[in-house]
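Chemist: could you work out the structure for the sequence below:
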Amino acid sequence: MAGSSHVELGTLPDWIAAVGTTLAFFVAFAVLILDLKERRRRQASEVAAWFERTEDGVILRVINSSDVPIYNVRITPKFLGQKYDVVSYPLVGPGANYTPLTLPLPGSQQVSNKYLGTEMVFADSAGRRWKRGMNGKLHQRLRH
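Modeler: Below you'll find the predicted structure:
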């Protein structure tokens, strides 16, 4: 049988092992990508600003629960449909808890939460820009 070539394709267990190895690689790669995204988001998820009710009004609370500072912080309070002056900080240190604004409002317990809110933008320690909207959701900003 001159000129005849014969190719061994392997046995079924060999194919199963090859497919399993390939799938394991893709799963490990996907887990790595998700872990990197979570690490990137971790510090930003520990930063927030919101209105907190008191007996006769509301206070604006700004918190950085992370262990590193955030930068170029801008908070736009929105209260009863009005925008107030932007509250800005060049730096908010780790563990910071500020109350930069107090608004008196008799009967504040009857004001619906949909009329109380903030929008916040800031940079994390790696320089990535983030926005936390009125609904509290966090989004990475691609442009400054």
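
Chemist: mind listing the helices for this structure?
Modeler: Counting by DSSP state H, the chain has helices at residues 12-42.

Chemist: so residue 70 sits against residue 91, correct?
Modeler: Yes. Using Cβ atoms under 8 Å, residue 70 is in contact with residue 91, at 7.4 Å. No exception for glycine: its C-beta is placed from N, CA and C like everyone else's.

Chemist: out of these two, which sits in the more crowded spot?
Modeler: residue 70 (24 against 13; other Cβ atoms under 10 Å).

Chemist: is the more buried one in a bridge, and if so with what?
Modeler: Applying DSSP bridges to residue 70 gives these bridge partners: residue 92.

Chemist: and it, what does it touch?
Modeler: By Cβ atoms under 8 Å, 6 or more residues apart in numbering, the contact list for residue 70 reads 43, 47, 64, 91-92, 122-125.

Chemist: again, only this time at 10 Å
Modeler: Counting by Cβ atoms under 10 Å, 6 or more residues apart in numbering, residue 70 makes contact with 43-44, 46-47, 62, 64, 89, 91-94, 96, 120, 122-125, 130.

Chemist: in the chain, what spans have low per-residue confidence?
Modeler: 1-4, 6-7, 35-39, 106-111, 143-144 (pLDDT under 70).

Chemist: what is the burial count for residue 62?
Modeler: If we define neighbours as other Cβ under 10 Å, then residue 62 has 23 of them.
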